[in-house]
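In: Build me a structure from this.
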Amino acid sequence: MQLDKQIEEDELISSELESLNTTGTKLTKQMIVVPINNTLLYVEPIYQTMLNETDVPLLKKVIVSSGNKVAIGDTLQTALEKLLSTYAVAIEVENTEDLEGLIEAIIKANKNLTQSNGNNDWEMMGKDVKRLQELITSLESVKKEEDKKKQEQGKENQTNETNSNSNMNTSNDLKSE
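Out: Numbers count the residues shown, from 1 in each chain. Purely as a prediction, here's the structure:
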């Protein structure tokens, strides 16, 4: 019942199931519970049978769920990839305090966005775009700070050079007197 409630609440999954439930077809579901370590993985294959043609059911979708996450795919593999990619994004730790770390995080966020787009996972795409925007904003701030430091170092070097030239001129003036 809990999985059915999660499926109903997820707009993407419920809309995909509705698109399968057409006139002249019958949907069959069979829940499989797989214990893995200290958690349960729920797998629900969705079969579609054409009522007037054959009695052979065709696997159309697979729904997987673990904890409070649920995903759907055309095969068990794609459903599991979607389920696990959602976890991977949520628990990842990145070093975004320096320029190199930010660049690596932006590249990874872009790959995540590409994968979400390929999976047609609109919710994850939204999260990935938001994360990418946050990282780019951070990159802009770090870049401004580095540019400011370079300008300050340039002014400091110019001041030291001017003082050095001034000291040389003073010593040359003293020698000529």
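In: quick one: L132 and A105 touch, right?
Out: No - using Cβ atoms under 8 Å as the test, L132 is too far from A105 to be in contact (9.2 Å). Just so you know, the C-beta spots here come from the backbone N, C-alpha and C atoms, and that holds for glycine as well.
In: what about the two, which has more around it?
Out: A105 (20 against 17; other Cβ atoms under 10 Å).
In: which residues touch the longest strand anywhere in the chain?
Out: In the chain, with assignment by DSSP state E, the single longest strand is strand 39-50. Under the contact criterion Cβ atoms under 8 Å, 6 or more residues apart in numbering, strand 39-50 has outside partners 3, 17, 20, 24-35, 55-67, 76, 79.
In: Following element in sequence after it, please.
Out: Next helix or strand after strand 39-50 toward the C-terminus (DSSP states H and E): strand 58-66.
In: Now that next one: buried residues?
Out: 60-66 (16 or more other Cβ atoms under 10 Å).
In: quick check: mean pLDDT across the helix or strand following it?
Out: Following strand 58-66 in sequence order, the next helix or strand is strand 69-73 (DSSP H and E). The pLDDT scores in strand 69-73 average 85.
In: same thing with stretch 123-136?
Out: Stretch 123-136 carries an average pLDDT of 84.
In: Grab the CA positions of it and hand them over as CSV.
Out: Extracted in CSV, the C-alpha atoms of stretch 123-136 (Å, rounded to 0.1, in the frame of the first residue of the first chain):
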residue,chain,number,x,y,z
GLU,A,123,12.5,16.8,-11.2
MET,A,124,16.2,15.9,-11.2
MET,A,125,16.8,18.1,-14.1
GLY,A,126,15.4,21.0,-12.1
LYS,A,127,17.6,20.2,-9.2
ASP,A,128,20.6,19.7,-11.4
VAL,A,129,20.1,23.1,-13.1
LYS,A,130,19.7,24.8,-9.7
ARG,A,131,22.9,23.2,-8.5
LEU,A,132,24.8,24.2,-11.7
GLN,A,133,23.6,27.8,-11.2
GLU,A,134,24.8,27.8,-7.6
LEU,A,135,28.2,26.5,-8.6
ILE,A,136,28.6,29.0,-11.4
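In: what separates that stretch from the chain centre, distance-wise?
Out: 7 Å (Cα atoms, centre = their mean, to the nearest Å).
In: quick one: buried residues of it?
Out: Result for stretch 123-136 [16+ other Cβ under 10 Å]: buried residues 124-125, 127-128, 131-132, 135.
In: Great, nothing more from me.
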